[in-house]
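this one's structure only:
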């Protein structure tokens, strides 16, 4: 009967051990022969018929007990057995009786197998060879010969290759568990006895069991992504190992388009943000996690309203009139919306930056690609994890407005000082001025808000099937009262291996978001309303003076003689103003993967999403928009449905030093956008938008459908030679419906090479670099900016009448350009990855030069064609830059660790060509060849005209106190006429460079981290200053208190005065919006392992976090990150959170 | 064993082909605008052609509103104060349009706007005339009437541009 052992070790072990054993056994048996001959004879004499050879006795035992007894021929040669011993009794006792007289013993290796070994302890192989030479016995056959002659090696029908031979005299069996720092078990960890090939792999519970030869054995634990650990066995029998994550991850796997690649095999520029870095700062929207953590990505907040997304640009802006947003791929679905995802459900965001990585996305890759992979199940017992936080969000960093005293001074006292009439006040206002009472409207309409998030997830599975379910709830209140954002997520995913060849799986992600931002005007009203106003009607001194109205107890006109701005407290009331957007979206993905042959896999996956966004806008009677008129309402319903069907073939082949990986793809994409809208006026009662039929007037109704589709074929070849020289070639062909017939297909190729210099001997010998890799790539990608139906000419509705009979017609609205094609970017990227001091300093430097041609702009054509312009591919933009990602482990001591990540981005944007006819300047659109796009073009601010320069000011027809601008051509006239234009290029809204620094420290059970973000070089035309909030010459509204405005007795040079006429006021609005923010300061405490074992939890962490405590900038306004006009916005805030992460 | 692999592979190949085949739908990349009509789609229909011809009229209003060029210089219209003995000092430099001096050149704003309007109108009429070839369902007499309307309007535009002294290319 064939017996197989459960664990198999290679033949080499057998050889090694036998090598160890054999000569000694030989020596022993020889020695024994000398010593024990008498006893042998003794045995012969005492036994009645004891001429049985030991060999035969052992074989008989083996047959009787149905076990295998293994021994070497030379061991038992010439030895005799006591025949009486072979009769009856327990096997082991009999074996012992048989062998002990000969100085032998047995070792049980298995339930059914025993090996006959001598009684001595293990000696090192070298020593045994010395033994060999000492004995100098020519009778000892070479071990290898012995094994080759199978007959010599006695075994009970056991194949040599299947043998497990344990170590000579194993001392102990070691068991243990392997976990990571959070307490999660790590199945699949390699446990090796150092210096041997003896080892094991941890099972699904992270447990292992291993036999070690002695106490001095060293166990080596290794797992991908974690730092290898070595532990001396000592006198432990049970070892619990905690592996630390390898932050400087060279074996890390990054997701590139349609596949994954080890980071060391990467040839393009790809940055990866893993889940622990995504959730560290508790972002509301996942895009915020990219800010300052990915070099090359510029992420900017759109506004402060709750639930608002971010604008992301990767490697600068490549287009003028179209979207610069990167393509977002969520689990294979193209064009997903990152705002609908719960950051806790994201496993990794991989950002493809250079053209060679994005070329496999063809016509949609020019703005970069963000690949989002959601979390999937991990096999093992079910793991439940609960992450939640609760916190308070307070208004912070607000610009101050003037109080009553300052306000009165600026609109009355100082005006009189300058010789103009001061403003007038009502009796109610006078009462407030005399009492020095300030109504802080901003404080009245804002308040602290609650921010809370709850997430629960369960994942687990067997070796074949894994699952993950999760649910989450987020509530972010706005600081303006009665505004807020709620988001609910539900996620389910399953992956299963069926049989030997098939793998199937699905994920489905459901999300529902509800944003309510009240009225777009409330905040602006609060910033405009005079501080001398009165809140309640009953407090008014003389209500009829300004025809004030009592609405719900509030004074509608605040006691001010103005009919533009109503009481902000009325506007925020949800029964008066409501602007609510609910977004329901479902993203789902299902796939089938077949691996018919080794290295070949065919995968077919379909991803689909359906999003329905409904926006309702209700403005009641007493909102700023209606002011006593009947309410109006508008309802919009926008749906987006799309699907992506991918058929992918992957084939990997290994010829020794050559490795080839081939990927082929056929893909189809279809998207459908529908929009419906209705706007009505004169609603009889407050019904939000749920009774549109009662409206007296229908303002407008409309609907539209836009469809688009893309068909693609893609091929990619990854070749590596000797694991040192890498080559990637890709090509993708996209056919799109937006392009006209005969012009639908476009081809995008790319090529990339990489050289692992660190593996070359000449670099290795320098002992300077722990890692050095050079990458060079070139690719062409497209920007899918041709709008659907834009290659066709649209129609324009015209009206006329023939003798009173209406004669409507349709004229051609524009010229269709059938040759319209994608904007195309060609990019050359040079990347260097290097590491020092065993990768304690790991860095990645990218240098790139990207030229985008065929920009879609309106090209002017001669008017004799009947049209003045046509949409055409003219225009070229260049983006050049440097990106540096640096990870340093500053301190890695036993109980204290500190590591830092730097992400530096610098990009220079330049417009190379405009309309193809040599035109270099387009002032109307602020486009200048040789300068960046998004330029600011205006007069240059030169201070304020002072009293001493009165005469010079008069030459320019200006008076002291007004804004002075530079007369660029010194012609004595400030003018904007073409030839003598004094306006110049002032700056750009694109950043110059960005630096994000994340610091993580840990000390025993505590962890501390914070994030520093600096953006340099953005210049905004400050919308806060250019609005009424900076208009000191007006008398109607309140204004910013920080303005040091000019007065005859205060020769300020920074802001203009209250009385002077200001034709060039706009020059003062251009400000540098560079800012520094320190944020996400987190202090956490993880419960010790002992406590968690008692509570049967696998990890528990509590933390406190402060978000946005510190911002500094020279920018006068709301928030230097974006240019706020305080319209449809919310105030900046600071959030204080307390949260827990628990997992079972 | 080998035959099962071959069988499975064959099935898979067929399955893969089916998947690819569905993507090769010829109509998959064809655009069909629904919300906005386009010229190619609409003008091929009879209703579209009629609408096109009707759209050639409204611009006449805009053209004639350029009264400084179209109506001035006649006995009915002239710019105020020029050569009228009622006014104390008749201004000599009353404008290039009255004086026909060197300032009456293409940089003159009124000339540019009228020129643009005239050629937009000429463009529409030309569109109507060339599109008429594709219309097959209309009665011949009606179609001829419409085409001649377009031709007349085109001629009117050329006449106006000629009468203000512009060197207008005939398109």
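Looks like it arrived, so ask away. None of the values given here were measured: they were computed from a predicted structure.

and the residue nearest to residue A:816 when sequence neighbours are not counted, how many neighbours does it have?
Take residue A:816 and drop its neighbours on the chain: the residue closest to it by CB to CB, 6 or more residues apart in numbering or on different chains is residue A:793, 3.8 Å away. Glycine gets a C-beta too; all of them are placed from N, C-alpha and C. For residue A:793, the count of nearby residues is 23 (other CB atoms under 10 Å in any protein chain shown).

so who does residue A:793 touch?
With contact set as CB atoms under 8 Å, 6 or more residues apart in numbering or on different chains, residue A:793 has these partners: A:812-816, B:38-40.

quick one: pLDDT of it?
The model reports residue A:793 with a pLDDT of 88.

helices of chain B, residue ranges please.
Residue ranges of the helices in chain B, as given by DSSP state H, are B:2-23, B:39-42, B:46-54, B:59-64, B:67-70, B:96-99, B:109-131, B:140-163.

okay, and residue A:300 sits in which element?
Assigned by DSSP states H and E, residue A:300 belongs to strand A:297-301.

pLDDT (mean, whole number) over the helix or strand that that strand is followed by?
Next along the chain after strand A:297-301, taking DSSP H and E as the criterion, comes strand A:310-314. For strand A:310-314, the mean pLDDT works out to 94.

backbone phi and psi for residue A:575, please?
When read as degrees, to the nearest 10, the backbone of residue A:575 gives phi -80, psi -10.

same check on residue A:557?
Torsion angles, degrees, to the nearest 10, at residue A:557: phi -100, psi 10.

tell me the spatial nearest neighbour of it, not counting adjacent residues.
Per CB to CB, 6+ apart, closest to residue A:557 is residue A:548, 4.8 Å.

which SS class is the one you found?
At residue A:548, secondary structure determined by DSSP: H, G, I helix; E, B strand; the rest coil is coil.

wait, it sits on residue A:538?
No - the pair residue A:548 / residue A:538 is not scored as a contact, 11.2 Å apart, by CB atoms under 8 Å.

so if I had to pick from the two, which one is more boxed in?
Legend: neighbour count by other CB under 10 Å for residue A:548 and residue A:538, higher for residue A:548 (23 against 11).

list the contacts of that one.
A:537, A:540, A:555-559 are the contacts of residue A:548 under CB under 8 Å, 6+ apart.

any regions of chain A where pLDDT drops low?
A:1-51, A:82-88, A:120-171, A:181-184, A:195, A:197, A:204, A:224-228, A:244-251 (pLDDT under 70).

domain ranges for it?
Annotated domains of chain A cover A:1-157, A:273-379 [automatic domain parsing].

circling back to that earlier point, neighbour count added to the contacts of residue A:548, as a markdown table?
Output for the contacts of residue A:548, formatted as a markdown table (neighbours: other CB atoms under 10 Å in any protein chain shown):
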| residue | neighbour count |
| --- | --- |
| A:537 | 20 |
| A:540 | 24 |
| A:555 | 26 |
| A:556 | 21 |
| A:557 | 26 |
| A:558 | 30 |
| A:559 | 31 |
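
among these, name the ones in strands.
residue A:555 (DSSP state E).

closest one of the contacts of residue A:548 to chain B?
Within those, proximity to chain B (CB to the nearest CB) peaks at residue A:556, which comes in at 42.2 Å.

is it true that the closest one touches residue A:546?
No - applying CB under 8 Å, one finds residue A:556 not in contact with residue A:546, separated by 9.9 Å.

point me to the residue of chain A nearest chain B.
For chain A, CB to the nearest CB, closest residue to chain B: residue A:866, 2.2 Å.

got the contact list for that residue?
B:119-124, B:126.

repeat for residue A:784
Contacts of residue A:784 by CB under 8 Å, 6+ apart are A:363-364, A:710, A:736, A:738, A:822.

buried subset of the contacts of residue A:793?
A:812, A:814-816, B:38-39 (16 or more other CB atoms under 10 Å in any protein chain shown).

in stretch A:67-76, what's buried?
So, applying 16+ other CB under 10 Å, buried residues of stretch A:67-76: A:67-72, A:74-76.

over to stretch A:1088-1104?
In stretch A:1088-1104, counting by 16+ other CB under 10 Å, buried: A:1092, A:1098-1101, A:1103.

same question, stretch A:473-492
A:473-491.

straight-line length of that stretch, end to end?
End-to-end distance of stretch A:473-492 (CA to CA, to the nearest Å): 15 Å.
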